[in-house]
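A.B. asks: return atomic coordinates for the entry below.
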Amino acid sequence: MTIDKSQVRNAATVIVLRDRLTAPRILMGQRGAKAVFMPNKFVFPGGAVDAGDADIPLANPLPETCHSRLAEDADATLAHAIAVAAVRELWEETGLILGTPGAWDHTPPPDWETFAATGHLPDASALQFTFRALTPPGRPRRFDARFFLVDADDIATDLDDFDAACDELSHLQWVPLDKARSFDMPFITEVVLAEVEARADDRSPPASVPYFKNNDEESLFLRLRGTPMPE
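C.D. replies: The predicted model follows:
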């Protein structure tokens, strides 16, 4: 058996859901044709966790249920960095801010200078952990990706202003949820999309979080429930 030796990187992806109770739409963009990972595909904004993400303070942390589920079958200390990466990647790739008005009490690192200049602190309280997927072996890039659902009402800035976005995603747009499957997207994005469709009108945390665990030995479909909350 050939062993895939590519490094698995932790990653965070954000699914922003707009007008969820009337005409739900999700924010998607297209990866470049020369991208090593999923070229030309329409995806949700997201990317790998950076080493410095663990050191960025949050104005408000993840909800306890989400934190507990992120810690299941994983290094529990990663939960904070993954949440920070979700906020950062959303900002970098779309120019949208998940944050609270406030001034930083220290000089922000380079990755956060433009975010801090808007007068916001990163805030993870609106993120809802919804899906986890480990890229199968043999791919040019492998990610242990955590998908977060967030209501567009919790975005602090203009939902139609993408001027601050980097050029990693093109054709950023609000896609009607019932039309999204007509776009060219990766298989795992379609799977996550089904989960979002099932929860479009429900803001409460899911009963459990699906986890596609594709390791070197086998592919498993698990459910992450975390530590039960005390009654």
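A.B. asks: could you point out which element follows the helix or strand hosting Phe131?
C.D. replies: Following DSSP states H and E, one finds Phe131 within strand 128-134. Counting by DSSP H and E, the next helix or strand C-terminal to strand 128-134 is strand 142-151.
A.B. asks: Ala133 versus the residue nearest to Val8 when sequence neighbours are not counted, what's the distance?
C.D. replies: The shortest distance from Val8 to any non-neighbouring residue, by C-beta to C-beta, 6 or more residues apart in numbering, is to Arg142 (4.6 Å). Just so you know, the C-beta spots here come from the backbone N, C-alpha and C atoms, and that holds for glycine as well. Counting by C-beta to C-beta, to the nearest Å, the gap from Arg142 to Ala133 is 11 Å.
A.B. asks: between these two, which one's more packed in?
C.D. replies: Ala133 (23 against 20; other C-beta atoms under 10 Å).
A.B. asks: so which residues of this protein form helices?
C.D. replies: 64-71, 78-94, 113-117, 187-198 (DSSP state H).
A.B. asks: average pLDDT across the last one?
C.D. replies: Confidence over helix 187-198, taken as the mean pLDDT, stands at 94.
A.B. asks: likewise stretch 65-77?
C.D. replies: 95.
A.B. asks: got the end-to-end distance for that stretch?
C.D. replies: 15 Å (C-alpha to C-alpha, to the nearest Å).
A.B. asks: what's in contact with that stretch?
C.D. replies: 54, 61-62, 78-79, 82-83, 127-129, 144, 146, 148, 205, 208-209, 211, 213, 222, 224-227, 229 (C-beta atoms under 8 Å, 6 or more residues apart in numbering).
A.B. asks: if we go to 7 Å?
C.D. replies: 79, 82, 127-129, 146, 205, 209, 224-227, 229 (C-beta atoms under 7 Å, 6 or more residues apart in numbering).
A.B. asks: hmm, which of the residues you listed is lowest in pLDDT?
C.D. replies: Met229 (47).
A.B. asks: is it correct that the residue nearest to Val8 is in contact with Asn10?
C.D. replies: No: applying C-beta atoms under 7 Å, one finds Arg142 not in contact with Asn10, separated by 10.6 Å.
A.B. asks: roughly how far does the residue nearest in space to the middle of the chain sit from Ala103?
C.D. replies: For the chain, Thr13 is the residue whose C-alpha lies nearest the centre (C-alpha atoms, centre = their mean; 1.9 Å). Taking C-beta to C-beta as the measure, Thr13 and Ala103 are separated by 29 Å.
A.B. asks: can you list contacts of stretch 173-186?
C.D. replies: Contacts of stretch 173-186 (C-beta under 7 Å, 6+ apart): 18, 23-28, 38, 40-43, 190, 193, 197, 200.
A.B. asks: pick the most deeply packed of the helices of the chain.
C.D. replies: helix 78-94 (a mean of 24; mean count of other C-beta atoms under 10 Å).
A.B. asks: where does this structure dip in pLDDT?
C.D. replies: The chain contains residues with pLDDT under 70 at 1-6, 33-38, 217, 228-231.
A.B. asks: show me where it has strands.
C.D. replies: Chain-ordered strands for the chain, with DSSP state E as the definition, fall at 8-18, 25-31, 42-43, 46-48, 99-101, 120-122, 128-134, 142-151, 169-176, 209-214, 219-224.
A.B. asks: for Glu93, find the nearest of these.
C.D. replies: strand 169-176 (5.1 Å; C-beta to C-beta).
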